[in-house]
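give me the fold of what follows.
(one chain, ligands or ions: 1)
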Amino acid sequence: MTVQTIKVEKATTLKQKPDAILDFGTMFTDHMFIMDYSGDKGWHDPRIVPYGDIKLDPAAMIFHYGQSVFEGLKAYVTPNGDVHLFRPEKNFARMNHSNERLCIPAIDEELALEALKQLVALEKEWIPTEEGTSLYIRPFIISTEPYLGVAPSQNYLFMIILSPVGAYYKEGINPVKIAVESKYVRAVKGGTGEAKTGGNYAASLMAQELVSDKGFAQVLWLDGVEKKYIEEVGSMNVFFKINGEVITPELTGSILPGVTRDSALTLLKHWDIPVTERRITIEELYEASQNGTLEEAFGTGTAAVISPIGQLTWEGKDLIINDGKTGEVAKRLYDTLTGIQYGKMEDPFDWITKID
Ligand code: COI
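Below you'll find the predicted structure:
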């Protein structure tokens, strides 16, 4: 593809930066990236502009049929002031897989990465430096054609916005409580479960709402057909350690292929910790908990990093895992991943992209 020049229009007034970052996804930086798609021009006019509202026709297809995809990654400042991105090429590759599933035209992954680097470099001062904080990056595409027929849109917007964030869960890095969902399902094979599209998250809200006032951070989804096999948690993939072996559900088509999931698998193999991707039923997990072999459970995700699970509740039964404490494997993965991301540890897998 031809290399397109990214135009830059700088904001004339800058926002006040926060004194401390306590929460996730509520604050946005001074600039954003935007690029248009039309049938005749393809993806065109890539530009960095002041952060602000966008104007859409009320008939824009995104409002009606939900044709959208998104990604999530982070930028980190290292102790010597370098700026790191973690495996950003994986996010843009996955975005194109999601695009394909949602009939959205593919983006130029190199251009997207270049745009992201320029945007983050411009917003470097916004990357928080307190422990556990980072600059969350949200690339997304929406369909914009004003048309009420059900068909792929002829027009799209690709945008990248940035948000300084703290921990995703109020528990921080402490173990969370998760409810196993037995009634509602998130995705089925052949559906859009492995695409990162807004509809999957819309479909997940009700189950989460129903348990959130009982102290559960999120729900654990079972497969959409038999409600038997474990799939994933609301915003993370999930891992269990049973009798010394780490197990994560294999990617069957309805599970999101997480970048942190892939990184955790790579690290576990590198450490010679037995690890298997396979189908695992909720009954097997319950039995392991009953016979004392369920040693750890944790989630993996960009927003959540490595999030230990201290309790799972399934049909009224509480599975308390590792006495509700963070397990050894989860801790080692958390320390190593964040060590690499924040430039405090070696990067043996070449996962870091430095921003100049
Ligand atoms: C991420 O981990 O970046 C995600 O996309 C999860 C999100 C829905 C908060």
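
and stretch 299-316, what's buried?
Across stretch 299-316, burial judged by 16 or more other C-beta atoms under 10 Å covers 299-314. Using the backbone N, CA and C atoms, a C-beta is placed for each residue, glycine as well.

pLDDT averaged over it, what's the number?
Averaged across stretch 299-316, the pLDDT comes to 95.

my guess is residue 304 meets residue 171, correct?
No. Applying C-beta atoms under 8 Å, one finds residue 304 not in contact with residue 171, separated by 10.1 Å.

up against the ligand, what does the chain have?
When proximity is defined by C-beta under 6 Å from any ligand atom, the chain lies next to the ligand at 72, 201, 235, 301, 302, 303.

in which helix or strand does the second one reside?
In other words, residue 201. With elements delineated by DSSP states H and E, residue 201 resides in helix 198-212, which encompasses its position.

what does that helix contact?
66, 68-70, 179, 181, 183-184, 186-187, 192-193, 218-219, 221, 234, 256 (C-beta atoms under 8 Å, 6 or more residues apart in numbering).

ok, residue 90 to the ligand distance?
The gap separating residue 90 from the ligand is 12 Å, by C-beta to the nearest ligand atom, to the nearest Å.

now that residue. Nearest residue, chain neighbours left out?
Leaving aside its sequence neighbours, residue 90 sits nearest to residue 259 (C-beta to C-beta, 6 or more residues apart in numbering; 4.7 Å).

list the contacts of that neighbour.
Going by C-beta under 8 Å, 6+ apart, residue 259 touches 73, 86, 87, 90, 91, 94, 302.

shouldn't the fifth one be within a helix?
Yes. When the secondary structure is assigned by DSSP: H, G, I helix; E, B strand; the rest coil, residue 91 falls within a helix.

helices of the stretch 1-150 of the chain, start to end?
Secondary structure of the stretch 1-150 of the chain (DSSP state H, counting those that start in this stretch): helices at 62-65, 88-101, 109-122.

now do the stretch 251-356 of the chain
259-270, 282-290, 328-341.

now the ones you listed as CSV including mean pLDDT?
Formatted as CSV, the helices of the stretch 251-356 of the chain follow (pLDDT from 0 to 100):
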stretch, mean pLDDT
helix 259-270, 98
helix 282-290, 97
helix 328-341, 97
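
between the ones you listed, which one is nearest to residue 143?
Of all the helices of the stretch 251-356 of the chain, it is helix 259-270 that lies closest to residue 143, at 24.8 Å by C-beta to C-beta.

now do that closest one: distance to the chain's middle.
Here the centre of helix 259-270 is set off from its chain's centre by 15 Å, with C-alpha atoms, centre = their mean, to the nearest Å.

quick thing: my sequence starts at 20, can you match it?
With 20 as the first residue, the last one maps to helix 278-289.

that one to helix 347-360, inter-axis angle?
Using axes from the mean of the first three to the mean of the last three C-alpha atoms, to 10 degrees, the inter-axis angle of helix 278-289 relative to helix 347-360 is 110 degrees.

buried set for helix 278-289?
For helix 278-289, by 16+ other C-beta under 10 Å, it's 278, 279, 280, 282, 283, 284, 286, 287.

from the residues of the chain next to the ligand, which two are the most distant?
By the measure C-beta to C-beta, 220 and 321 form the most distant pair in these, at 14.2 Å.
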